[in-house]
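Enquirer: Build me a structure from this.
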Amino acid sequence: MMTQQPDRVRQYLRRRGCAPSVVKGGLEGLLTHYDSLVDAVSEGYDLTFDDYLNDMDLRDTLSGALEVAPVDDRKAAEKRIEQLDRKFRELTIECGPIWGEKVARENGHDPSTHWWYFRRPRQPAPDFEEELREAGLLV
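Expert: Just a heads-up that it's a prediction; the model follows:
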């Protein structure tokens with residue numbers, strides 16, 4: 001169990017423009033959501049492309065929250081994230097930038113540091129697969 005989140009994690013989430021429920025959940029809430037996301041991908045992600053973009057933004061938010069989290073919380077979270085990231089990478093394959101080349105350039109998304117913006121599920125549900133095709137992310 002994580003210790004109570006310090007103000008700096010919640011302040012980061014507020015500055016980032018996160019919903020009040022995300023701010024309230026803090027680092028633990030972000031981890032729980034990421035865990036659910038990885039489960040959804042393993043079951044054949046069947047939400048929309050917009051949902052997937054939001055989920056990858058959540059992974060990016062989680063990365064930023066780790067940077068401001070207290071050391072003990074960060075260490076505990078990093079162990080969980082490492083396991084979830086490993087599973088997520090196994091369930092996904094590399095692709096072009098999911099937000100598109102222009103957004104990737106404007107936001108400095110790099111495949112090595114922001115790798116989650118350059119992956120898509122291996123086994124998407126049929127409707128999601130069609131959206132990926134329309135976005136040019138299926139080869």
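Enquirer: Least confident secondary structure element in the protein?
Expert: Least confident helix or strand of the chain, by mean pLDDT, DSSP states H and E, is helix 7-15 with a mean of 92.
Enquirer: Buried residues in that one, which are they?
Expert: Neighbour-count burial for helix 7-15, counted by 16 or more other Cβ atoms under 10 Å, picks out 9, 10, 12, 13. Heads up, the C-betas are built off the backbone N, CA and C, glycines and all.
Enquirer: C-terminal to that helix, what's the next element?
Expert: helix 20-42 (DSSP states H and E).
Enquirer: what angle separates that next one from helix 7-15?
Expert: Interaxial angle of helix 20-42 relative to helix 7-15 (axes from the mean of the first three to the mean of the last three Cα atoms, to 10 degrees): 80 degrees.
Enquirer: circling back: which neighbouring elements make contact with the least confident helix or strand of the chain?
Expert: helix 20-42, helix 49-68 (3 or more Cβ pairs under 8 Å, 6 or more residues apart in numbering; DSSP states H and E).
Enquirer: Not counting sequence-adjacent ones, nearest residue to the residue nearest the centre of the chain?
Expert: Centroid-nearest residue in the chain, with Cα atoms, centre = their mean: residue 59, separated by 2.1 Å. Spatial nearest neighbour of residue 59, excluding adjacent residues (Cβ to Cβ, 6 or more residues apart in numbering): residue 116 at 4.4 Å.
Enquirer: where's that neighbour relative to residue 41, distance?
Expert: 11 Å (Cβ to Cβ, to the nearest Å).
Enquirer: sorry, back to before: and of the buried residues of helix 7-15, the nearest to residue 68?
Expert: residue 12 (4.8 Å; Cβ to Cβ).
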